[in-house]
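# Below: sequence and its predicted model.
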Amino acid sequence: MVQVEEPQDYVDVLQSHRGGFSFENCKRNAYLAAQAGIKPPTAMKSGTTICGIVVKDAVILAADTRATNGPMVADKNCEKLHYIAKNIYCAGAGTAADLQHTTEMMESQIELLRMATGTQPRVCTVVKRLSSMLFKYQGYIGCALVLGGFDVTGPHLYQIYPHGSTDKLPFTTMGSGSLAAMAIMEAEYNENMSIEEGKKLVAKAIRSGIFNDLGSGGNVDVCVITKDAGGNILRNYEKPNERKFRAQHKAFPKGTTPVIKETIMKLVSVETDVVMRD
Amino acid sequence: MQAPVEHRWSPYADNGGTCLGVAGEDFVVVAADTRLSQGYSIHTRDCSKVTQLTDKCVIVSCGMKADAITLHKHLKARLVMYEHQHRKQASVTAIAQMLATTLYYKRFFPYYTFNVLCGIDDEGKGAVYHYDAIGSFERVPYTTSGSGSSLVMSVLDAQIAKGNQTVDTPPLDKRGIVELAKDVLSSVGERDIHTGDYAEIFLIDASGVTPTRFDLKLD
Amino acid sequence: MDFLAPRSAQEQMVRHVEEGCPYRADDVMAPEQAVSTGTTIMAVEFDGGVVMGADSRTSTGQYVANRASRKISKVHDKIFVCRCGSAADTQALTGFVVNYLGQHAVELGKQPTVNTAANLFKMIAYNNKDNLLAGLIVAGYDDKRGGQVYSIPLGGSRIRVPWACDGSGSGYIKGFIDSHYRPGMSKAECLEFVQKALCFAMSRDGSSGGVVRTLVITKDKVEESMIEGNKLPFGP
């Protein structure tokens, strides 16, 4: 059971309001789970296949576009490639809310750093900040990331796990479809590929995840990060899953839904004694 | 080393999929997808859920494929015996009752199958029966079962039963219902991860059972 | 094991995770499955330095997350650490010690001792023993005591030893090491000894594999070498 501490004095209360996560409802949730068997609502996770490779002059990331909520598809065309800086992008698998907020937070921290130092941000900075934060929360923030970027020290690709461990690799895949995608990568990757070959390889790996893993689906998004041009997201680079059949339905005639009662309320009142200032 | 995790073996598996049956004036339309999945993997993309029991009767089962195979095999054997004994094929109503008792016989270790039995009854009218796992059944004008059933049912309620609609529109004909079944399965294939690949549509009327097949999404 | 008692007092977690899905337990309130270095790590002292060796497999459950990982991390110029246990815990721990030791070296004005580095690791590991899963072997060379190997297993104890091995594959080779180790081996003999032991461990332990990475640290230099997993010179 969750151990929840009551704030004892003003210091504890101040500490609890310091920002970051609010744990106010923990005691209530623990009580509900124990007494009434009420479980907290499930969050939306992206089943996902994401991958990344380092080729001769670029880092290429790719992702599928399906977000699932249990066995249902919540979003058929969501965006899993997140912008961190002009030269640093990341692909995310795991809990959708955690990914969105974590990457947005990184984006703003790195922008502030860029303004403060006047230099292009480095991939290792982002990696360090992400892994420290994820380690602090001991895996409860469900973010599994493939982070890639091209900075002054060259192209870099990292994979970062929810518990905060990081690996620096020439090619990597993550998510529920990672095994399907890794099969393609292991068979066909070599470090002397061109950017075009690289794009084809990552698209093939993601397609493998899309068709063989039920948690992944939709279209393929690709992001190419080069030295001079920074990052460029190719949204829906491939669309292998167009809907095949759609019937022509006659529109419902007007009056189909019975109107039982009609109430009109005036919500806007105009006041003539207010003067607008520039 | 991690915190203790309890492993429990379950004799059941959920192989996913969606099926539906709609009864018309003198015909029945049965539709089902052909994907067999487990967890987040696909076993096969081309596995029929439907078995034809007699010239006029078809059964479709969602849930656990192993139990469905055994159940269908059992039913077919019983029907052969029936034909030998009674010198005619069993009617849909008779098969419906037999299926209910077969399922209830395994009340304490059920067949993990959610069946829809469809056919033409002795009066020539379309019949659709909906079953739960242990044999409770009811004759209904249309029904659906499987992992995507919740997505399908509301569409059928609106288009066929036309519940809560004040304006009267004519009921759908044979072609209309087949188009509706295709559209419904396509839509479920978009939103349910366990439904997809290919779909089989069976039209059962006085002239017999006519199967057709069409493509769903493969992702 | 006794020092694991606090951990096993946690409640039984009933959790069904589907096969082949690293990140799919749909209860988002539970933490994700951790990445652990399955591992075989080893270090041996000789007169004038140390030889360190490790495999390169990092696994999440049954999936190999990284088949070419570096488990020997640099702490200072002549001080390195072999890491096993939870990848996140050991990486974070190493990060802290690199920071503290770096500051200490600046203040000291000369190379820090291996003893100090090992002590820093021990302090953090021992004081956070409830929350960490880290087995470490700290080894290196300093002028004060020459080559040294310090073993810091799970509970956070620290002991100086002539040789140490740790990780899931270490149990398979302890007998081999006991029978083949002699004090006073030369650098080349130690290197071959470490390579041999790691090859045997990798061939028997499912959680160890990939390549054999070895590091030889002496007064003058640090030499790194690697043997690919399909070209192992020794085996059963």
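Structure's in. What do you need?
# List the buried residues of stretch A:178-197.
Buried residues in stretch A:178-197, counted by 16 or more other CB atoms under 10 Å in any protein chain shown: A:S178, A:L179, A:A180, A:A181, A:M182, A:I184, A:M185, A:Y189, A:M193, A:E197. (Glycine included, C-beta is placed from N, CA and C.)
# Is there proximity between it and chain C?
Yes - using CB under 8 Å from any CB of the partner chain, stretch A:178-197 reaches chain C at A:S178, A:L179.
# Alpha carbons only: can I get that stretch in CSV?
Provided in CSV are the C-alpha atoms of stretch A:178-197 (Å, rounded to 0.1, in the frame of the first residue of the first chain):
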residue,chain,number,x,y,z
SER,A,178,10.7,-2.9,-31.1
LEU,A,179,11.4,-6.6,-31.7
ALA,A,180,9.8,-6.5,-35.1
ALA,A,181,11.7,-3.4,-36.1
MET,A,182,15.0,-4.6,-34.6
ALA,A,183,14.9,-7.7,-36.8
ILE,A,184,14.9,-5.4,-39.9
MET,A,185,17.6,-3.2,-38.4
GLU,A,186,20.0,-6.0,-37.5
ALA,A,187,19.7,-7.5,-40.9
GLU,A,188,20.1,-4.4,-43.0
TYR,A,189,22.0,-1.7,-41.1
ASN,A,190,25.5,-0.6,-42.0
GLU,A,191,27.2,2.6,-41.0
ASN,A,192,28.0,3.8,-44.5
MET,A,193,24.5,4.3,-45.6
SER,A,194,23.4,7.4,-47.3
ILE,A,195,20.5,9.5,-46.1
GLU,A,196,18.1,8.2,-48.7
GLU,A,197,19.0,4.6,-47.8
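# pLDDT weak spots in chain C?
Along chain C, the parts satisfying pLDDT under 70 run over C:1-37.
# hmm, 80 instead?
C:1-38, C:61, C:235-236 (pLDDT under 80).
# Can you list the residue ranges for helices in it?
Applying DSSP state H to chain C gives helices spanning C:5-8, C:87-108, C:114-127, C:170-180, C:187-204.
# Quick one, which of the ones you listed gets closest to B:A100.
The closest of these to B:A100 is helix C:5-8. By CB to CB, the value is 50.4 Å.
# one step back: need the max-distance pair from the buried residues of stretch A:178-197.
Spatial extent of the buried residues of stretch A:178-197 (CB to CB) is set by the pair A:L179 and A:E197 at 22.8 Å.
# still on that earlier bit, kindly reformat the buried residues of stretch A:178-197 as TSV containing pLDDT and secondary structure.
Converted to TSV, these look like this (pLDDT from 0 to 100; DSSP: H, G, I helix; E, B strand; the rest coil):
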residue	pLDDT	secondary structure
A:S178	92	helix
A:L179	92	helix
A:A180	94	helix
A:A181	96	helix
A:M182	96	helix
A:I184	96	helix
A:M185	96	helix
A:Y189	95	coil
A:M193	94	coil
A:E197	96	helix
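# now, which of the residues you listed lie close to chain B?
Within these, nothing lies near chain B by CB under 8 Å from any CB.
# so which of those comes closest to A:N77?
When those are ranked by distance to A:N77 (CB to CB), A:A181 comes first, at 19.1 Å.
# show me where pLDDT drops low in chain B?
For chain B, the ranges with pLDDT under 80 are B:1-8, B:163, B:167.
# residue nearest the centroid of it?
B:V60 (3.4 Å; CA atoms, centre = their mean).
# could you say what helices and strands the helix or strand in which it is found packs with?
Assigned by DSSP states H and E, B:V60 belongs to strand B:57-63. If you count contacts as 3 or more CB pairs under 8 Å, 6 or more residues apart in numbering or on different chains; DSSP states H and E, strand B:57-63 packs onto strand B:18-23, strand B:28-33, strand B:50-54, helix B:65-86, helix B:92-105, strand B:113-120, strand B:142-146, strand B:198-205.
# That one versus strand B:113-120: what angle between them?
Orientation check (axes from the mean of the first three to the mean of the last three CA atoms, to 10 degrees): strand B:57-63 against strand B:113-120 gives 160 degrees.
# centre of the chain versus strand B:57-63, how much separation?
Relative to the chain's own centre, strand B:57-63 is displaced by 4 Å; criterion: CA atoms, centre = their mean, to the nearest Å.
# Adjacent strands (with direction) for it?
Paired with strand B:57-63 in the same sheet, following DSSP bridges, are strand B:50-54 (antiparallel), strand B:113-120 (antiparallel).
# Which one of the ones you listed lies nearest to B:F27?
Nearest of the strands paired with strand B:57-63 (CB to CB): strand B:113-120, 7.5 Å.
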